[in-house]
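K.L.:
Need a 3D model of the sequence below.
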Amino acid sequence: MRRALDEAAQAASAGDVPVGAVVLGPDGTLLATGHNEREASHDPTAHAEVLALRRAAAALGSWRLTGCTLVVTLEPCTMCAGALVQSRVTRVVYGARDEKAGAAGSLWDVVRDRRLNHRPEVIHGVLENPCADLLTAFFRER
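P.N.:
Model prediction:
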């Protein structure tokens, strides 16, 4: 999570919402990182999770990220939750809850919807306060 927080800080310094993500391989090695790049790329899909998933898939040479863990500073939104299900990640670990747009247990629970063919394990609240504090400070400055 600390590496994801470093990624989030990079997003903030570029003027984007400070969300960072990392993908760990089945053996725990770092496969890929990402942070929000919507402002820099003018791409509404350039969320930290999506970018990290794309890079991890490229590193593995497969879109199936079975056995992998995505670690992200903020609870995934519906778009990112859908990408997590589609990528077949085994585990999602997030820091701060997103009561306004969270789709991993707060507002919705897309990743654990029994109607879907894949449901990753979800672990929440890891370094929750530092993750939330980074977001609060960013929006306070805005």
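
K.L.:
show me the contacts for the residue of the chain most remote from its centre.
P.N.:
If you look at how far each residue of the chain sits from its centre, by C-alpha atoms, centre = their mean, the farthest one is residue 141, at 23.1 Å. For residue 141, the contact set (C-beta atoms under 8 Å, 6 or more residues apart in numbering) is empty. The way it works is simple: take the backbone N, C-alpha and C, and place the C-beta from them, glycine included.

K.L.:
Offset the numbering so it begins at 6, please.
P.N.:
Happy to do that; since the first residue is 6 now, the last one works out to residue 146.

K.L.:
Which pLDDT value goes with residue 147?
P.N.:
pLDDT, residue 147: 84.

K.L.:
Can you list the residue ranges for strands in this protein?
P.N.:
Assigned by DSSP state E, the chain shows strands spanning 25-29, 35-40, 74-79, 96-101, 126-129.

K.L.:
All the helices of this protein, residue numbers only.
P.N.:
Counting by DSSP state H, one finds helices in the chain at the ranges 7-18, 43-46, 53-65, 83-92, 133-146.

K.L.:
So for residue 116, which of these sits nearest?
P.N.:
Set against residue 116 and scored by C-beta to C-beta, those come closest in helix 83-92, at 4.9 Å.

K.L.:
just how off-centre is that closest one within its chain?
P.N.:
Taking C-alpha atoms, centre = their mean, to the nearest Å, the mean C-alpha location of helix 83-92 is offset from the chain mean by 10 Å.
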